[in-house]
Structure formats: C-alpha cells, structure tokens
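Colleague: attaching a predicted model along with its sequence, questions to come.
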Amino acid sequence: MAIVINVSQLIIDSILTGSILALGAIGLTLVYRVMNFPNFVHAEFVTFGAYSAYIINKTLELNLVIGSIFSFIGGGLLAMASYKFVFSKLQTVGTASGTARMTSMLIASIGLSFVFRHTIQEIWGANVVYYEINTPNIYEMVGARFTSIDLVIIGSSVALVLMLHLFLTQTNIGKAIRATADNPNLSKISGIDTEKVIYIVWFISGGVAGFSGLLRGVDTRLTPWLGWNILLIAFTVVILGGIGSFYGAILAAYIIGFAENIGVVALINLGLSTSYRPAIAFTILIIMLILKPRGLFSTSSTRKGG
C-alpha cells in the first residue's frame, strides 16, 4: 500500500513542532552547560510559565501578548528560586567526585519536579484548561492548511532563538556565560562573577522554558503534566544535537519535528495508532547513541572546575 504524504502540510506541521521543541531544549542545554547535570525540574518551568500566562489571560482577562511576558518571568523566577534554595546548596556535595555531585542534583531535580507538578495541580486542578484566544484565521497555500496561531508560534520561537543567539554572542553577559560554561575556575580568575552568571543562566533557561510552555498550551491545551509530557522528547533533542550544544539543540529539534510528523503520516497510512508517536523520537535517539553517541554537534570543550 502506497503511503500518501501531503509534503506541504508535513513541512508546516514539522516546523511548528520543531519550533516548540527548540525552546524547551535550549533551556535544558544552557543549564547543563554551567551545571553539568540533566535538570528534570525543567519540565515544571515549562508548565509554570504556561499557567502564569493563564492567570493573565483568564483571571485578569488580558491578552496573551502580555501573558507571554509573564510566562517568561514566571518560568525564570521559579528556575532562579530552584537554584538558590536547592541546587546552589548541592554544588558542594561530593566535591571530590563530580559524579556524586551530579547524582545528588539529578535526584533532587526529580523530587523537586514532583513537588512543583503536584503543587500546580492543587492550585489549578487536574482538568484540562484553555487560553481565551480569538478564532484564528485559516490559510491555505500550496496544499497546506495552517492558522494565524501557527504563524505566531513559529515566528515568536524563531525570534526568541535569534535574540538568544545575539545575547550569547554579542553581549558581555553572554560572553561571560560561555566562558563560565567552558571553564568556571579560569572565569573566576579573570574577574567574572560566576555565581551571578549562573543565576542569569537559570533565569534565562526557566524563562525560555516558560515561554515554550505558553506556545505548547496555545497549540494544544494546559494540564499540570504539560511540561513533563515534552521533557523526555526535549532530552532526546539535547542528546541528538550534542549535549551542551546550543545550535545542535536547535537543529535536532527540527529533525525530531520532521521525524515525528513523517512517522505519524506513516502510522495513519498503515492503520496504526498515533499513540506510537513518542516512540519515534526515542528510536532516533537509540540509533544515534549507537552510531554517533556524542550527538551531531558535541561540545569539544571540557568543563573544568566549579
């Protein structure tokens, strides 16, 4: 049986998926670069950012342009608080062993994630909720059907990625972040306030995650499991792109976006359930770990000190 593919629709859907995944993965990458551990509580920054915008949108009856600002701030502040009260304390654990320190922070991030997720559920309930959004315009072009909301999601994601690129490469703070990620001890000797840099990284990471939560909520719906449902795929993106690689994460997000949507088309044409969709990303991950375990763009620098 021949598989029928609407290429134009596939491209639009894949770019939409990749745009949301890119923001989620970038936040994970930034924290990993300066802290050297996989941060599971990142999922709740995504969720909290989405619900921060929900407060603005539903409770205060303001539009999502204002809500998007609060999604970034909400996610960023929760991330900073997580670092200040939990992870900064754990940095001194197992100083003789980087593995012990990473393990303690990893376990703490999983535990803190459960705390935040269930707190969000207690506050807003477990039911699915939606943003108040005007009925979007629907467009059709070269066989593809998309909405004005799709264009806003893609455009805002690309804009934020470009702003982050400029921030990291053209500003003094951005250069300090890169220096701290590469070698925190040398950065301290050079006069960089590495503790301040780490706080900034956590805020940006949480803010970008919160904004991606808003986009995910607009594209689908809001639940307390919003962030957790995309976290493992975001980890797949990070590993595929090369752990710690900012640009690798962006490229990998779109690769996963295309792979997932191609897989969904194949599943539908084969008469199989689309519930297999999450397995597509993990299948790609397993293949990559076997063939190229360091990812597409692994960071060659070795983090020293800290």
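Modeller: Perfect, I can see it now. Residues are numbered from 1 along each chain as shown.

Colleague: extract the CA atoms of stretch 245-253 and return them as PDB.
Modeller: The C-alpha trace of stretch 245-253 is given here as PDB (Å, rounded to 0.1, in the frame of the first residue of the first chain):
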ATOM      1  CA  SER A 245      25.400  22.500  22.100                       C
ATOM      2  CA  PHE A 246      23.100  25.500  21.700                       C
ATOM      3  CA  TYR A 247      22.900  25.200  17.900                       C
ATOM      4  CA  GLY A 248      22.900  21.500  17.900                       C
ATOM      5  CA  ALA A 249      19.700  21.500  20.000                       C
ATOM      6  CA  ILE A 250      18.000  23.900  17.600                       C
ATOM      7  CA  LEU A 251      18.900  21.700  14.600                       C
ATOM      8  CA  ALA A 252      17.900  18.500  16.400                       C
ATOM      9  CA  ALA A 253      14.500  20.000  17.400                       C
END
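
Colleague: can you give me the helices in the chain?
Modeller: 7-35, 42-54, 64-82, 88-90, 98-124, 148-170, 172-182, 184-189, 194-219, 226-241, 246-269, 277-291 (DSSP state H).

Colleague: packing partners for the first one?
Modeller: The criterion is 3 or more C-beta pairs under 8 Å, 6 or more residues apart in numbering; DSSP states H and E, and the helices and strands that helix 7-35 contacts are helix 42-54, strand 144-147, helix 148-170, helix 172-182, helix 194-219, helix 226-241, helix 246-269. C-betas here are computed from N, CA, C, even on glycine.

Colleague: want to throw these into CSV with distance to residue 5, mean pLDDT and mean neighbour count?
Modeller: Formatted as CSV, these follow (distance: least, C-beta to C-beta, whole Å; pLDDT from 0 to 100; neighbours: other C-beta atoms under 10 Å):
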stretch, distance to residue 5, mean pLDDT, mean neighbour count
helix 42-54, 31, 98, 30
strand 144-147, 12, 95, 16
helix 148-170, 19, 97, 16
helix 172-182, 41, 95, 19
helix 194-219, 22, 97, 25
helix 226-241, 22, 93, 24
helix 246-269, 5, 92, 21
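
Colleague: out of these, which gets nearest to residue 285?
Modeller: helix 226-241 (4.6 Å; C-beta to C-beta).

Colleague: look up phi and psi at residue 244.
Modeller: phi 90, psi 0 (degrees, to the nearest 10).

Colleague: under the pLDDT cut-off, which ranges of the stretch 1-150 of the chain? List them.
Modeller: Residue ranges of the stretch 1-150 of the chain with pLDDT under 70: 1-4, 93-97.

Colleague: how about the helices and strands packed on helix 7-35 in TSV, adding distance to residue 88?
Modeller: Shown next, in TSV, are these (distance: least, C-beta to C-beta, whole Å):
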stretch	distance to residue 88
helix 42-54	16
strand 144-147	43
helix 148-170	22
helix 172-182	14
helix 194-219	8
helix 226-241	22
helix 246-269	23
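
Colleague: may I see the helices of the chain organised as CSV, with distance to residue 136 added?
Modeller: Below are the helices of the chain laid out as CSV (distance: least, C-beta to C-beta, whole Å):
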stretch, distance to residue 136
helix 7-35, 13
helix 42-54, 17
helix 64-82, 12
helix 88-90, 43
helix 98-124, 24
helix 148-170, 4
helix 172-182, 35
helix 184-189, 46
helix 194-219, 10
helix 226-241, 20
helix 246-269, 20
helix 277-291, 24
